[in-house]
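**Student:** Using only what follows, build the 3D model:
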Amino acid sequence: PVANATITLSPPEHQMCSGDPVTLNCSVQAGSAPVTFTWLRDGQEVAQGPVLELGDISKGHSGTYQCVATNQLGQDRHRVFRALSPELALTVTTWGHRVTAVAAGIGGSVLFLVLLVGVIVAWHRWHRM
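**Tutor:** Numbering: from 1, shown residues only. Down below sits the predicted model:
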């Protein structure tokens, strides 16, 4: 059975600018081939396959993304196994004249909190100029 589905973000930065090309990759730690991948955005299916190309990001790409990895075992293929990845929240916001996207896992990530503090500090410094 499939297990431990994860999403990786490319580019790997948690902060990017509007217009940057963004790709989400789904992989599993374990699972017999063939494994199929389904992408969800805000709980709705948006694509199939291990790679989701968002292209140049904009406010319209904001949402919560997950991938579902599925495989079937046995000769009759009646045993279906699913692995749901942790959620990845992608928020594209406009602050002043800048547009920024922040992506973070919703699992209580300490990295997200550190990045959030950094964004707040940078925002304050930018507005002082």
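
**Student:** What segments of the chain are helices?
**Tutor:** 110-128 (DSSP state H).

**Student:** Name the spans of this protein whose pLDDT lies under the cut-off.
**Tutor:** Applying pLDDT under 70 to the chain flags residues 13-16, 74-78, 93-127, 129.

**Student:** rerun that using 80 as the cut-off
**Tutor:** Scanning the chain for pLDDT under 80 picks out 11-18, 31-33, 73-79, 91-129.

**Student:** And the strands in it?
**Tutor:** Assigned by DSSP state E, the strands in the chain fall at 3-10, 15-17, 21-30, 36-41, 44-48, 51-56, 63-73, 79-84, 88-95, 98-105.

**Student:** how near is the residue nearest to G55 when sequence neighbours are not counted to Q72?
**Tutor:** Of all residues beyond its chain neighbours, the one nearest G55 is P21 (6.0 Å), with distances taken as C-beta to C-beta, 6 or more residues apart in numbering. Any C-beta I mention is one placed from the backbone N, CA and C, and that applies to glycine too. Using C-beta to C-beta, to the nearest Å, one gets 34 Å for the distance from P21 to Q72.

**Student:** and P34, how many residues sit next to it?
**Tutor:** 8 (other C-beta atoms under 10 Å).

**Student:** Test of understanding: give the bridge partners of the closest residue to it other than its chain neighbours.
**Tutor:** Leaving out its chain neighbours, the residue that sits closest to P34 by C-beta to C-beta, 6+ apart is N71, at 6.5 Å. N71 has these beta-bridge partners by DSSP bridges: F81.

**Student:** one step back: residues contacting the residue nearest to G55?
**Tutor:** E53, L54, G55, D56, I57 (C-beta atoms under 8 Å, 6 or more residues apart in numbering).

**Student:** Counting neighbours, which of those end up buried?
**Tutor:** Among the contacts of P21, the ones that count as buried by 16 or more other C-beta atoms under 10 Å are L54, I57.
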